[in-house]
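# Quick one, fold the following:
(one chain, ligands or ions: 1)
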Amino acid sequence: MNRQQRRAQSRNGQIGEPNLPKPGQAIDTRIVYGAGCTYWGSIYSIKTINMNGWPMPCCPHCHGLLSELPTEADYLNPADEHEAVIPGYGGFVRWNKGRKCLSLHPDQGGDTAFERLRAEYEAERGAGMS
Ligand SMILES: [Zn+2]
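Residues are numbered from 1 along each chain as shown. Here you go, the predicted structure:
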């Protein structure tokens, strides 16, 4: 297993960044998030699938469609602003980076996906504090 494969290896369900640039190459600051799932991570974490001969970027877990933002701050700043409404929300969003996604599709429990993730986050935090 080489360094790149180790980096991509799943740890606690998290995806690494297997597509990092080579030394000397410019760093791409974009982040991606699932259009139909709870995934978010760096542009280097995406997977590419073949769609009728064309490479199609997709979620590394469910292969779903992704949207992108220019920087991580563009994703995290609104989450931090949400802290006033839901205390701890920013920490929860950071914890979720790169984690295995849940579907947001209503037929697959999507209406409670973030609640279930939040419960997992709180359980891990509780376990860590005891
Ligand atoms: Zn996904």
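
# which non-adjacent residue is nearest the residue positioned nearest the centre of the chain?
Central residue of the chain (CA atoms, centre = their mean): W40, 2.4 Å from the mean position. Distances taken as CB to CB, 6 or more residues apart in numbering put Y33 closest to W40, at 4.0 Å, once the chain neighbours are dropped. Yep, even glycine has a C-beta here, placed from its N, CA and C like the rest.

# pretty sure that neighbour is in a helix, no?
No: counting by DSSP: H, G, I helix; E, B strand; the rest coil, Y33 is not found in a helix; it is strand.

# now it, which residues is it bridged with?
W40, S67 (DSSP bridges).

# residues in contact with it?
Applying CB atoms under 8 Å, 6 or more residues apart in numbering to Y33 gives the contacts 39-40, 66-69, 75.

# what about 7 Å?
If you count contacts by CB atoms under 7 Å, 6 or more residues apart in numbering, Y33 has them with 39-40, 66-67, 75.

# cool, and P70?
Neighbouring residues of P70 by CB under 7 Å, 6+ apart: 29-30.

# quick one, phi psi at it?
phi -60, psi -40 (degrees, to the nearest 10).

# Spell out which parts of this structure neighbour the ion.
With CB under 5 Å from the ion as the criterion, the chain meets the ion at residues 34, 37, 39, 59, 61-62, 64, 101.

# please redo it, this time with the cut-off set to 8 Å
34, 36-39, 58-64, 101-103 (CB under 8 Å from the ion).

# And the furthest pair within those residues?
Comparing all pairs in the residues of the chain next to the ion by CB to CB, the longest separation belongs to C58 and L102, at 15.9 Å.
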